[in-house]
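> Test case, fold it:
(2 chains)
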Protein chains: 2
Amino acid sequence: MAGVLIHQFIVEGLGHISALVADEARGVAAVIDPRRDVDVYLQAAAERGWRISHVLETHLHNDYISGAPELAALTGARHVIGAGAEVAYEHQPTREGDAIDVGRLRFRTMETPGHTPEHVAYSLADLSRADDPLAVFTGGSLLVGAVGRTDLLGAQSAEPYARQMFHSLHDKLLAQNDYVGVLPTHGGGSLCSKDISSTPSSTIGYERRHNGLLSIPEIDDFVRALLFDQPGYPRYFARMRPINKAGATPLGTIAGPRSLAVAEVQALIADDALVIDARPYPDFAAGHLPGSFAIPAGSSFGTWLGWVVPDGRPLVLVLESVDDWDGLLRQALRIGYDDVRGHLSSVADWRAAGLPLETGKRASVQDLAALLEAGGPDAPLVLDVRQHDEWVAGHIPGSIHLMGGDLPDRLAELPRDRPIVTICRTSNRSAIAAGVLSRAGFTDVTWVDSGVPSWRRAGFPIEKGE
Amino acid sequence: MAGVLIHQFIVEGLGHISALVADEARGVAAVIDPRRDVDVYLQAAAERGWRISHVLETHLHNDYISGAPELAALTGARHVIGAGAEVAYEHQPTREGDAIDVGRLRFRTMETPGHTPEHVAYSLADLSRADDPLAVFTGGSLLVGAVGRTDLLGAQSAEPYARQMFHSLHDKLLAQNDYVGVLPTHGGGSLCSKDISSTPSSTIGYERRHNGLLSIPEIDDFVRALLFDQPGYPRYFARMRPINKAGATPLGTIAGPRSLAVAEVQALIADDALVIDARPYPDFAAGHLPGSFAIPAGSSFGTWLGWVVPDGRPLVLVLESVDDWDGLLRQALRIGYDDVRGHLSSVADWRAAGLPLETGKRASVQDLAALLEAGGPDAPLVLDVRQHDEWVAGHIPGSIHLMGGDLPDRLAELPRDRPIVTICRTSNRSAIAAGVLSRAGFTDVTWVDSGVPSWRRAGFPIEKGE
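Just a heads-up that it's a prediction; the model follows:
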């Protein structure tokens, strides 16, 4: 076996792609942009007998907590990051043109500001084959079918950063040969851009020809196109960069499931803990702990936690199955919800203890149509919680739009004297939104168990535009 | 999520790379060159809710049993294979230029004979982005850093197939744009070529510039270079193409471990079963069932099974841990060793039943040097079982070379009246060879527990050349 081996690790909900890059013959490897739970890299390297000699980061991340300091500490690897990052812990600052050798692999730093000011990309050459790079790790700059957004550090820097991005793309990345691979950190599902393709890799030549943002010749037009209609992003984003700059608390071993008795959960709630109910929403609606958040298990659990749950408080999970524990805990840890105390033994135990449960109401699109048809003072307000572009593409006439993630900050805009029906595309976000409303004391909340596409397919009217 | 998603599945020992290629938005997928144990594709597709609509094969494989007919039968997918394959079961024969649509993905057939006469490659375009292909599935034609060999169907066709390969490469594959990805079926470790890079993917442009075989302008020179010094390959290869042409027996569910009592193993041995001891060689040497083969567990288990164990007989495994069962069974099934009956409960049980065990002898490189230094009639014959190119690069003076896989066919060339010491690079192949010799009745066999590099590092003499 000879040559470079690149293994990408994908975290779906975050749209995060890290990579383990090894010189197999020499048994040495680098990790690019590790996620916080670094055991996956340690395990993959141990299985092959590889030593991790370098941890390379493309930028200070806004969307997750970096595992780079912990991985470097555990392995003795050098932690390389753009000099502009000025992180508070031991690292190797890198600048344009620096060579970082990992066995016979050579990474070379390309300063590519825009997504963030200290952003760098790393080209990769396999010297056992050629000096010529075979790929470039583009971080949050050039993505597959997209370009990293530049507005995450605030509205005032969005445009100057977009101008930097234009130059990073055209002067640096597109100066690479067509056949150079493109391996970004942000993939499909990431909120660090929009419309990113699912594919975790591409090539310079393919993107040069088929990435719309790269074919805009004028910088002003590019800036407008890049900044246009970017999706909202969770409030937790604001906390990530400072944490990554300071260096996050090391996780050590990921804790196994801890079952909590009813009395323990009661005590935790009394002590300010929040309850996150990760069961399927029909179970939540049938009976949940008063004041709990509904965030059904799935790859977006972490992102929704970051959207709607205040940080800095102890958390207790309610699970459908204890098998969900590990995946959900990792999602919470990746975005800095570190204080997960355990999971309620079972909702049946809670009920058996004679403690109160709350319930939620559910409606099909036919039920909703009937309610709207009936009209009168009891006619519900339909709250569409999808992203803005989904709303513009088609919504129920008379419904109002408020992106689900913004709900906690905008509760005051909603009437408390009318029934509210939440709707989204599939029922996941409408369930989360219904949970937020219930928790906030809205008493008549109904959730639509399908979504706007079902409404449309059932032949009910749709309105387009703002 | 939108666009194509390509997931490669790598079987290390075989150097086999298959791929699941999905149109995420449409929820439909194709599998390229599936291995025999197809549960991995079914599971991956089920997790994402994808329907597998097509199974595409690039050629009739020589190195493993295809899972394509079983996967097609289980999913209702169409099985597409080059028209020249003329397989005996239901399929969709494909020819130059055919379009195969999977959602908004478009595969296009490129006839690329050489590795085998019916070989096709498939370009892949993601129509949601462009008509232009983004990658080509090259099967056994263009590999990463290498080119598929053309001598597997016999010496007489090696040269004409090499000439076809030259045209397939230059007229078809290199006519693609530089930025098109290269996704081959044969990767590092495969015996379908030599010196294949570990990386499972590359690009047309990178290979055009840095693949030595592609830079040879004259066809005659290319043919000589391609056919020069290809490694030996296991005898089981000869059985694969006819089996794949006829369509292999479906596997159904992969059986779980079946522990066999001593009496059951005795009965199986009496009924012609062979015992394969997959424990680490020191355990084998300390005591093994008479006549058993030593093939230590690991990614090359299947390949060595195919090299040294006669086919068509029932097999019984001896395991260090029952955890090894699933991986080893799959390796056996992939190359057509279907009749694995179970594993011996434990060697201790065998011993406790008062049944005989045989032992093997072990030597360090220092022990070996002392034996050779002593000389005389008891001086051992050193048998180097590595590949030819390893032998040429440096071996112990006075040792003889016989590639381990050829041993079963060439036992008559070895003396039965002299001690024999087997050596390789690391001790794995020398252990397998020692087991083959012991089983064949050689009574004084010693295995070197390190290898030629250790010999060299210890300062003992090395001879180069044939």
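
> Every contact and neighbour count from this point should use C-alpha atoms.
Fine.

> and residue A:335, how far is that from residue A:36?
Distance of residue A:335 to residue A:36, computed by C-alpha to C-alpha, to the nearest Å: 8 Å.

> list residues touching both of those two?
Residues touching both residue A:335 and residue A:36 by C-alpha atoms under 8 Å, 6 or more residues apart in numbering or on different chains: A:64-65.

> Quick check: the gap between residue A:217 and residue A:224.
Residue A:217 is 12 Å from residue A:224, by C-alpha to C-alpha.

> just residue A:391 next, same as before
Taking C-alpha to C-alpha, one finds residue A:391 at 21 Å from residue A:224.

> Next, residue A:134: secondary structure please.
The three-state label given to residue A:134 by DSSP: H, G, I helix; E, B strand; the rest coil is strand.

> Then residue A:341?
Going by three-state DSSP: residue A:341 is strand.

> Return the residues of the stretch 201-350 of chain A in contact with chain B.
Proximity of the stretch 201-350 of chain A to chain B, by C-alpha under 8 Å from any C-alpha of the partner chain, involves residues A:202-206, A:210.

> Out of the residues you listed, flag the one nearest to chain B.
residue A:205 (4.8 Å; C-alpha to the nearest C-alpha).

> Not counting sequence-adjacent ones, nearest residue to that closest one?
Among residues not flanking residue A:205 along the chain, residue A:178 sits closest, at 3.9 Å (C-alpha to C-alpha, 6 or more residues apart in numbering or on different chains).

> Please name the residues that touch residue A:132.
Listed by C-alpha under 8 Å, 6+ apart, the contact set of residue A:132 reads A:125-126.

> tell me, how many neighbours does residue A:465 end up with?
11 (other C-alpha atoms under 10 Å in any protein chain shown).

> shouldn't it be in contact with residue A:393?
Yes. With contacts counted by C-alpha atoms under 8 Å, residue A:465 reaches residue A:393, the gap being 6.5 Å.

> Out of the residues of the stretch 201-350 of chain A next to chain B, the closest to residue A:418 would be?
Of all these, residue A:418 sits closest to residue A:210, with 48.5 Å by C-alpha to C-alpha.

> on that earlier part again, when residue A:391 and residue A:224 are compared, which one has more neighbours?
For residue A:391 versus residue A:224, neighbours defined as other C-alpha under 10 Å are more numerous around residue A:391 (24 against 12).

> What segments of the stretch 201-350 of chain A are strands?
Assigned strands in the stretch 201-350 of chain A, in chain order: A:202-203, A:259-260, A:274-277, A:293-294, A:315-318, A:340-344 (criterion: DSSP state E, counting those that start in this stretch).

> Disregarding flanking residues, what is the spatial nearest neighbour of residue A:335?
For residue A:335, the spatially nearest residue (C-alpha to C-alpha, 6+ apart) is residue A:64, at 4.9 Å.

> Quick check: the residue of the stretch 51-200 of chain A nearest chain B.
Proximity of the stretch 51-200 of chain A to chain B (C-alpha to the nearest C-alpha) peaks at residue A:179, 4.1 Å away.

> for residue A:460, what are its contacts?
For residue A:460, the contact set (C-alpha under 8 Å, 6+ apart) comprises residue A:369.

> From residue A:397, how far off is it?
Using C-alpha to C-alpha, we find residue A:460 at a distance of 10 Å from residue A:397.

> how about the residue nearest to residue A:205, secondary structure?
Going by three-state DSSP: residue A:178 is coil.

> Would you list the phi and psi of it?
Dihedral angles of residue A:178 (phi, psi; degrees, to the nearest 10) stand at phi -50, psi -30.

> Contact partners for it?
With C-alpha under 8 Å, 6+ apart, residue A:178 has these contacts: A:203-206, A:208, B:178-179, B:205.

> what two of those residues are the furthest from one another?
Pairwise distances across the contacts of residue A:178 peak at 14.7 Å for A:208 and B:205 (criterion: C-alpha to C-alpha).

> neighbour-wise, which of these two wins?
Between residue A:208 and residue B:205, counting by other C-alpha under 10 Å, residue B:205 is the more crowded of the two (23 against 19).

> Next one, pLDDT for the more buried one please.
pLDDT for residue B:205: 97.

> swap in residue A:27?
Confidence score, pLDDT, at residue A:27: 93.

> Now it: closest residue in space that isn't a chain neighbour?
Counting by C-alpha to C-alpha, 6+ apart, the residue nearest residue A:27 is residue A:50, at 4.5 Å.

> Isn't that neighbour up against residue A:29?
Yes. Look at residue A:50 against residue A:29 with C-alpha under 8 Å: they come within range, at 6.3 Å.

> so what sits against both of the two?
The contact lists of residue A:50 and residue A:29 share residue A:22, where a contact means C-alpha under 8 Å, 6+ apart.

> which of the two has more neighbours?
Legend: neighbour count by other C-alpha under 10 Å for residue A:50 and residue A:29, higher for residue A:29 (24 against 20).

> in a strand, that's where that one is, yeah?
Yes. Remark: residue A:29 belongs to a strand, assigned using three-state DSSP.

> And the nearest residue to residue A:396 once chain neighbours are set aside, its phi and psi?
Distances taken as C-alpha to C-alpha, 6+ apart place residue A:462 nearest to residue A:396, at 5.1 Å, with adjacent residues excluded. Here is the backbone geometry of residue A:462 (degrees, to the nearest 10): phi -130, psi 140.

> try residue A:370
Dihedral angles (degrees, to the nearest 10) for residue A:370: phi -70, psi -40.

> Can you tell me how far it is from residue A:421?
From residue A:370 across to residue A:421, the span is 13 Å (C-alpha to C-alpha).

> thought residue A:316 was touching residue A:278?
No. Applying C-alpha under 8 Å, one finds residue A:316 not in contact with residue A:278, separated by 10.3 Å.

> where's the spatially closest residue to residue A:439 that is not a sequence neighbour relative to chain B, distance?
Nearest non-adjacent residue to residue A:439, counting by C-alpha to C-alpha, 6+ apart: residue A:291, 4.7 Å away. According to C-alpha to the nearest C-alpha, to the nearest Å, residue A:291 stands 32 Å off from chain B.

> now do residue A:451
In terms of C-alpha to the nearest C-alpha, residue A:451 sits 17 Å off from chain B.

> just to confirm, which helix or strand has the closest residue to that residue other than its chain neighbours in it?
Taking C-alpha to C-alpha, 6+ apart, and ignoring the residues beside it in sequence, residue A:451 has residue A:425 as its nearest neighbour in space, at 4.4 Å. Using DSSP states H and E, residue A:425 maps to neither a helix nor a strand.

> Tell me the residues of the stretch 51-200 of chain A that contact chain B?
Checking the stretch 51-200 of chain A against chain B by C-alpha under 8 Å from any C-alpha, the hits are A:129-130, A:134, A:178-181, A:188-189, A:195-200.

> could you pull out the helices for the stretch 301-450 of chain A?
Using DSSP state H, counting those that start in this stretch, the helices of the stretch 301-450 of chain A run over A:301-308, A:325-334, A:347-352, A:365-374, A:388-393, A:428-439.

> Identify, out of the ones you listed, the most deeply packed stretch.
Greatest average neighbour count among these goes to helix A:428-439 (a mean of 26), per mean count of other C-alpha atoms under 10 Å in any protein chain shown.

> Which neighbouring elements make contact with that helix?
With contacts taken as 3 or more C-alpha pairs under 8 Å, 6 or more residues apart in numbering or on different chains; DSSP states H and E, helix A:428-439 sits against strand A:293-294, strand A:420-423, strand A:445-448.
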